[in-house]
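J.: return atomic coordinates for the entry below.
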Amino acid sequence: MNSLVQTKIATIEDAETISALAKITFAETFGHYFRDPKDLLSYFDRTFSVEKISDSIQKENNIFWLGFYEDHAVGYAKLKLNSPSPFVSGKNLSQLQKIYVLKNFLSQKVGLELQETLLASAKENGSETVWLSVLKQNERAKGFYLKNGFEVVGEHDFQIGKEHFEFDVMQKELI
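T.: Residues are numbered from 1 along each chain as shown. All right, here's what the predicted structure looks like:
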């Protein structure tokens, strides 16, 4: 493990930091897919506002973490406990909803530390399987998850504004 990389469970006091990280990392990852910048900004307002993040942190089945490199918050993760999926069979499913790291810190293994922390927490909370959705074109993320024991088990699509996105559904058994 890289001693410069740390994680901590996020609290309501971290909502502003997560909101900022969410907007930046989402734009870095997906911004080039949006033909109309208004669609991206509208999505930010609906999904990554401080109020929305605060509400999400306070929900009993959500756990957020911040990832740090040299004491600077550079990424975050979100686990949703008890999250069934139409694409994944089994019981005691949880969803890895987000792992995002600032582009300039991807090589520092912050995402790996966040993932390991998240998976350990899912297992501690009784999850037998963790599932996620990843953009089909996001080869870096898909490769990361495949390398770490996830497998593709389905697909779905999602609309944001005028843009249509296709996702692979992946899962990892924890038992």
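
J.: before we move on, what SS does the most centrally placed residue in the chain have?
T.: In the chain, the residue lying closest to the centroid (Cα atoms, centre = their mean) is K98, at 0.8 Å. Under DSSP: H, G, I helix; E, B strand; the rest coil, K98 falls in the strand class.

J.: excluding chain neighbours, what is closest to it?
T.: The shortest distance from K98 to any non-neighbouring residue, by Cβ to Cβ, 6 or more residues apart in numbering, is to K78 (4.3 Å). C-beta: built from backbone N, CA, C; applies to glycine.

J.: next one: the host helix or strand of the one you found to chain centre, how far?
T.: Following DSSP states H and E, one finds K78 within strand 72-80. When C-alpha coordinates are averaged (Cα atoms, centre = their mean, to the nearest Å), strand 72-80 and its chain have centres 7 Å apart.

J.: sheet partners, orientation included, of it?
T.: Strand pairing for strand 72-80, determined by DSSP bridges: strand 62-69 (antiparallel), strand 93-101 (antiparallel).

J.: list the contacts of the residue nearest to Y43 when sequence neighbours are not counted.
T.: Spatial nearest neighbour of Y43, chain neighbours left out: I160 (5.2 Å); criterion: Cβ to Cβ, 6+ apart. Neighbouring residues of I160 by Cβ atoms under 8 Å, 6 or more residues apart in numbering: 34, 39-40, 43.

J.: one more pass at 10 Å, please.
T.: Shown in contact with I160 (Cβ atoms under 10 Å, 6 or more residues apart in numbering): 30, 33-34, 39-40, 42-43, 46-47.

J.: make a ChimeraX selection of the buried ones in these.
T.: Those of the contacts of I160 that count as buried under 16 or more other Cβ atoms under 10 Å are selected in ChimeraX with:
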select :30,34,39,40,43
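
J.: okay, and which of the contacts of I160 map to helices?
T.: 30, 39-40, 42-43, 46-47 (DSSP state H).

J.: farthest-separated two in those?
T.: F30 and R46 (14.5 Å; Cβ to Cβ).

J.: now do the helices in this protein.
T.: Assigned by DSSP H, the chain shows helices spanning 15-30, 37-47, 50-58, 110-124, 139-147.

J.: so which of these is nearest V74?
T.: helix 110-124 (5.7 Å).
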